[in-house]
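Chemist: Sequence and computational prediction follow.
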Amino acid sequence: MSKLPSNACVAVVDDDESLCRSLGRLLRACGIDSVAYRSADDFLGDAAHPRFACLILDIQLGGMSGIELARRLAACGSTVPVIFITAHDEPGVREQALDVGCTAYLRKSDRGETVVEAVRRAIH
């Protein structure tokens with residue numbers, strides 16, 4: 001597997017604090033830096049955040065959903081790859097996520113290796 005860019009940093013936007021911590025530890029163990037945000041508004045309001053190589057967005061955030069955030073970013077010209085993650089896998093929501101152009105659609109119950117592989121594919 002090819003080496004990741006040395007500046008690869010992933011944003012994790014999820015209102016589940018324990019999931020943010022777990023994903024942060026998992027990514028860090030694989031040599032990937034991450035920054036966690038508890039809401040779309042927190043993410044959008046962080047003017048000092050690094051340039052992200054990939055975004056992991058929870059579908060069902062409080063306030064603006066992950067899908068709404070991805071649409072907003074795309075409308076502003078963002079080309080940062082998006083991975084959606086959800087605890088509630090519903091066919092209609094999956095279609096919406098795919099329509100936004102995500103690089104992966106994952107369930108929160110997916111194995112850590114699945115998440116890391118999706119991030120690696122998105123970054124490359």
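Modeler: Yes, it's here.

Chemist: What number of residues are in the vicinity of Cys20?
Modeler: Using other CB atoms under 10 Å, Cys20 has 20 neighbouring residues. Backbone N, C-alpha and C define where each C-beta goes, glycine included.

Chemist: surely it meets Arg38?
Modeler: Yes - using CB atoms under 8 Å, Cys20 is in contact with Arg38, at 7.4 Å.

Chemist: Could you name every residue contacting both of those two?
Modeler: Taking CB atoms under 8 Å, 6 or more residues apart in numbering as the contact rule, Cys20 and Arg38 both touch Asp14.

Chemist: And for Arg111, the neighbour number?
Modeler: With other CB under 10 Å as criterion, Arg111 counts 9.

Chemist: Please apply the same query to Arg71.
Modeler: Around Arg71 there are 16 residues (other CB under 10 Å).

Chemist: That one belongs to a helix?
Modeler: Yes - under DSSP: H, G, I helix; E, B strand; the rest coil, Arg71 sits within a helix.

Chemist: And stretch 12-26, how far out from the chain middle?
Modeler: 10 Å (CA atoms, centre = their mean, to the nearest Å).

Chemist: helices or strands next to the least confident helix or strand in the chain by mean pLDDT in the packing?
Modeler: Ranking every helix and strand in the chain by mean pLDDT, DSSP states H and E puts helix 91-100 at the bottom, with a mean of 90. For helix 91-100, the elements it packs on are helix 66-75, strand 82-86, strand 104-107, judged by 3 or more CB pairs under 8 Å, 6 or more residues apart in numbering; DSSP states H and E.
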